[in-house]
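K.L.:
quick one: sequence and predicted model below, then my questions.
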Amino acid sequence: MPALFTLLDLAGVFAFAVSGAVAARNRGLDGFGIAALAFTVACGGGVMRDLCIGAVPPVGLSDWRYLAVSMVATLIVVGAHSLVERMAQPVLLFDSIGLGLFAVAGAQKALAFGHNAEVAVLVGTLTGVGGGVLRDVLLNRVPVILRREIYASAALLAAGIEVLGEWLQWGDGWRSWGAVLACFALRHLSLRYHWHLPRFDRRAGVGGDRGSD
Amino acid sequence: MPALFTLLDLAGVFAFAVSGAVAARNRGLDGFGIAALAFTVACGGGVMRDLCIGAVPPVGLSDWRYLAVSMVATLIVVGAHSLVERMAQPVLLFDSIGLGLFAVAGAQKALAFGHNAEVAVLVGTLTGVGGGVLRDVLLNRVPVILRREIYASAALLAAGIEVLGEWLQWGDGWRSWGAVLACFALRHLSLRYHWHLPRFDRRAGVGGDRGSD
Amino acid sequence: MPALFTLLDLAGVFAFAVSGAVAARNRGLDGFGIAALAFTVACGGGVMRDLCIGAVPPVGLSDWRYLAVSMVATLIVVGAHSLVERMAQPVLLFDSIGLGLFAVAGAQKALAFGHNAEVAVLVGTLTGVGGGVLRDVLLNRVPVILRREIYASAALLAAGIEVLGEWLQWGDGWRSWGAVLACFALRHLSLRYHWHLPRFDRRAGVGGDRGSD
């Protein structure tokens, strides 16, 4: 399914690039920094995936469409400032869409390269969350996916459904879109109803971060 | 020596996973974050090693035992909270064991892949300290191994002894366990007697970190 | 041009190692930390480049000259403290030289490995800025290249000139040194005349960093 694969990938690139550009702009980075962060977040998970599965050079670096889509996303974020501003929590929305799309595409590619189910699930999850982790590391904060709400779990769910569906030979469309929707639904239900995974710290909340090392 | 190799590797995985899970829990991360950090710390150094020596996919992602051991370590840290709490400085202890184990296993694997002695020593050290560096970067602090006591130097010592021993054709058991013990001894002597490497900063201590860039 | 290539690469290694060592020393890291950061900054961009273009093991790990040059740079920074102190903004100067050298050498190597122009430009830029980004991530601050002045843009310019020149079959010397000089000139003109790329944040300056996530 090369068409579906490419579509999934490019839609995810756009969504993540917007998320990266918005975060970079809100942190006061300059124009190049915004573009660089947009591209890094958009392609970071995919580059890690490609390095891990031996797909060199990473397609995020060799296919001009990824760079072009990231630059379009950057221009929209920089140029249509008031539009983005008015959208409620745009980062969150785009992030959730990209998350499922990347996890599914990542798991698909790992399987296509002949790796086993565990590699596919882990690499799929990494594809989904890798860009966001890089974004937060570069912006010097503890990755939000490790602290709050159900996020990486949703990527894991999408990658898991994709790999399970491939194993059970479900139809491609149902499997992949079902996985993306399940991820999106889990993510947004967790946001709406404030679901979160349990924490086990007896000492201090996140606010005590700085002093606790 | 595949049995020794596997044993070294899995024992190191467990030790590092505990170290990652404890640090994540103390920082207030949620259940997934704790498991993710445990797995990242456990396998991070090995994944970097495998990428550098061309062992794709990294064994940390393709061998289910690494994931399973990390999850067991996570459950122990999360479930047996009071037990871990009572152990004096558990992070430190497990960290020191894993450090030597990983450095030796990493150097061995690099040599097994036909790379030269320098690659083996550097990659062995990286295998030992890589997970801890990732842990600290993800938890948003300057890696402790770059600031305090004799830590990475101990990993370097272990990797160096292993490579030297292989070159001098010492027996496998003596060489590898000797290297691990030397690393552990150096690390714990440095902790007990407050040995540390000299620093050269004339301006401010670590406490002045934030303001100095 | 193996001689030019090697010369470019080693000169860049020295320049970046000094930059890493100075930053590490100013942050209060110990002797090993200073050496480790010097080596990481010196080779980090090159290692990322080699992983992305499939050159395993990365030359930064396998060629003893990189390590040796990094250690020499470390000794100079640690031993000749007052000398380095007296030089006005030594970090900045060495950084600018290394930036262009690395970008050109990185783009050259990507082309030599048969990758396309986009990969060469991106990987060249990554070679130039990768070490500095790692330095700032390890020292727990937002990478300076994403915030201030014209920096990564200068690396992009150098990589772009190199790739364009190769495509137009300009002479090797003119092309590469021209690219390095263009990068250096752009960087220093931007510092002298306070050129900077526009920022688009309507909320808070960099000073508001901490509270904005």
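P.N.:
Thanks, I have the structure now. Numbering: from 1, shown residues only, chains lettered A, B, ... in the order given.
K.L.:
from A:Gly46, how far off is A:Val129?
P.N.:
A:Val129 is 12 Å from A:Gly46, where distance means C-beta to C-beta, to the nearest Å. Every residue, glycine included, has its C-beta placed from N, CA and C.
K.L.:
what about the spatially closest residue to A:Trp195 that is not a sequence neighbour, neighbour count?
P.N.:
Distances taken as C-beta to C-beta, 6 or more residues apart in numbering or on different chains place A:Ile150 nearest to A:Trp195, at 5.8 Å, with adjacent residues excluded. Counted with other C-beta atoms under 10 Å in any protein chain shown, the neighbours of A:Ile150 add up to 22.
K.L.:
what's the longest helix in chain A?
P.N.:
In chain A, with assignment by DSSP state H, the single longest helix is helix A:2-26.
K.L.:
past that helix, which element shows up next along the chain?
P.N.:
helix A:31-53 (DSSP states H and E).
K.L.:
could you dump that following helix to CSV, C-alpha only?
P.N.:
Only the C-alpha atoms of helix A:31-53 are listed here, as CSV (Å, rounded to 0.1, in the frame of the first residue of the first chain):
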residue,chain,number,x,y,z
GLY,A,31,13.0,32.0,12.3
PHE,A,32,15.7,29.4,11.6
GLY,A,33,15.1,27.8,15.0
ILE,A,34,11.4,27.5,14.4
ALA,A,35,12.0,25.9,11.0
ALA,A,36,14.7,23.6,12.4
LEU,A,37,12.5,22.5,15.3
ALA,A,38,9.6,21.9,13.0
PHE,A,39,11.7,19.7,10.7
THR,A,40,13.3,18.0,13.7
VAL,A,41,10.0,17.1,15.3
ALA,A,42,8.5,16.1,12.0
CYS,A,43,11.3,13.8,11.0
GLY,A,44,13.0,13.0,14.3
GLY,A,45,10.9,9.9,15.1
GLY,A,46,11.2,8.7,11.5
VAL,A,47,15.0,9.2,11.4
MET,A,48,15.4,7.2,14.7
ARG,A,49,13.2,4.5,13.2
ASP,A,50,15.2,4.3,10.0
LEU,A,51,18.5,4.2,11.9
CYS,A,52,17.2,1.4,14.0
ILE,A,53,15.8,-0.7,11.1
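K.L.:
just the helices from chain A, written as ranges.
P.N.:
Using DSSP H, helices in chain A cover A:2-26, A:31-53, A:59-62, A:64-79, A:81-86, A:90-112, A:117-138, A:152-167, A:172-192.
K.L.:
returning to what we had before: elements contacting the longest helix of chain A?
P.N.:
helix A:31-53, helix A:64-79, helix A:90-112, helix A:117-138, helix A:172-192 (3 or more C-beta pairs under 8 Å, 6 or more residues apart in numbering or on different chains; DSSP states H and E).
K.L.:
mind putting those helices into JSON lines with distance to chain C and mean pLDDT?
P.N.:
Conversion of the helices and strands packed on helix A:2-26 to JSON lines gives the following (distance: least, C-beta to the nearest C-beta, whole Å; pLDDT from 0 to 100):
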{"stretch": "helix A:31-53", "distance to chain C": "3", "mean pLDDT": "92"}
{"stretch": "helix A:64-79", "distance to chain C": "5", "mean pLDDT": "90"}
{"stretch": "helix A:90-112", "distance to chain C": "11", "mean pLDDT": "82"}
{"stretch": "helix A:117-138", "distance to chain C": "6", "mean pLDDT": "93"}
{"stretch": "helix A:172-192", "distance to chain C": "17", "mean pLDDT": "86"}
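K.L.:
so which of the ones you listed gets nearest B:Ala11?
P.N.:
helix A:117-138 (20.7 Å; C-beta to C-beta).
K.L.:
close to chain B, is that closest one?
P.N.:
Yes. Using C-beta under 8 Å from any C-beta of the partner chain, helix A:117-138 comes into contact with chain B via A:118-119, A:122-123, A:133, A:137.
K.L.:
got those as JSON lines, with neighbour count columns?
P.N.:
Listed next are those as JSON lines, based on neighbours: other C-beta atoms under 10 Å in any protein chain shown:
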{"residue": "A:Glu118", "neighbour count": "17"}
{"residue": "A:Val119", "neighbour count": "23"}
{"residue": "A:Leu122", "neighbour count": "26"}
{"residue": "A:Val123", "neighbour count": "30"}
{"residue": "A:Val133", "neighbour count": "23"}
{"residue": "A:Val137", "neighbour count": "21"}
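K.L.:
what two of these are the furthest from one another?
P.N.:
A:Glu118 and A:Val137 (25.1 Å).
K.L.:
next one: phi and psi at the spatially closest residue to A:Val142 that is not a sequence neighbour?
P.N.:
What sits nearest to A:Val142 in space, not counting adjacent residues and going by C-beta to C-beta, 6+ apart, is B:Asn140, at 4.8 Å. Here is the backbone geometry of B:Asn140 (degrees, to the nearest 10): phi 60, psi 50.
K.L.:
before we move on, back to that, could the helices of chain A go into a markdown table alongside distance to B:Asp63?
P.N.:
Formatted as a markdown table, those follow (distance: least, C-beta to C-beta, whole Å):
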| stretch | distance to B:Asp63 |
| --- | --- |
| helix A:2-26 | 27 |
| helix A:31-53 | 14 |
| helix A:59-62 | 26 |
| helix A:64-79 | 31 |
| helix A:81-86 | 44 |
| helix A:90-112 | 15 |
| helix A:117-138 | 8 |
| helix A:152-167 | 17 |
| helix A:172-192 | 25 |
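K.L.:
what's near enough to touch A:Phe39?
P.N.:
Residues in contact with A:Phe39, defined by C-beta atoms under 8 Å, 6 or more residues apart in numbering or on different chains, are A:17, A:20, A:66-67, A:70-71.
K.L.:
let's go with 7 Å and repeat that
P.N.:
By C-beta atoms under 7 Å, 6 or more residues apart in numbering or on different chains, the contact list for A:Phe39 reads A:17, A:67, A:70.
K.L.:
hmm, back to that, buried set for the longest helix of chain A?
P.N.:
A:5, A:8-26 (16 or more other C-beta atoms under 10 Å in any protein chain shown).
K.L.:
tilt between that helix and helix A:64-79?
P.N.:
Interaxial angle of helix A:2-26 relative to helix A:64-79 (axes from the mean of the first three to the mean of the last three C-alpha atoms, to 10 degrees): 30 degrees.
K.L.:
what's the angle between helix A:2-26 and helix A:117-138?
P.N.:
20 degrees.
K.L.:
ok, the residue nearest to A:Trp195 to A:Val144 distance?
P.N.:
In terms of C-beta to C-beta, A:Ile150 sits 12 Å off from A:Val144.
K.L.:
please report how far the residue nearest to A:Val142 lies from A:Leu146.
P.N.:
From B:Asn140 to A:Leu146 the distance is 10 Å (C-beta to C-beta).
K.L.:
equivalent analysis for A:Trp177, please.
P.N.:
Taking C-beta to C-beta, one finds A:Trp177 at 28 Å from A:Leu146.
K.L.:
give me the more crowded residue out of those two.
P.N.:
A:Leu146 (25 against 15).
K.L.:
in space, what's closest to that one - neighbours in sequence excluded?
P.N.:
B:Gly33 (3.4 Å).
K.L.:
so that neighbour sits against B:Ala24, correct?
P.N.:
Yes. Between B:Gly33 and B:Ala24 there is a contact at 5.7 Å, judged by C-beta atoms under 7 Å.
K.L.:
can you list the buried residues in stretch A:37-55?
P.N.:
Neighbour count says stretch A:37-55 has A:37-53, A:55 buried, by 16+ other C-beta under 10 Å.
K.L.:
now the longest helix of chain A against helix A:31-53, angle please.
P.N.:
Put simply, helix A:2-26 runs at 140 degrees to helix A:31-53, going by the same axes, to 10 degrees.
K.L.:
what residues does helix A:2-26 touch?
P.N.:
For helix A:2-26, using C-beta under 7 Å, 6+ apart, the contacting residues are A:33-34, A:37-43, A:65-66, A:69-70, A:73-74, A:77-78, A:84, A:90-91, A:94-95, A:97-98, A:101-102, A:104-105, A:108, A:131, A:135, A:139, A:172, A:176, C:200-201, C:203, C:212.
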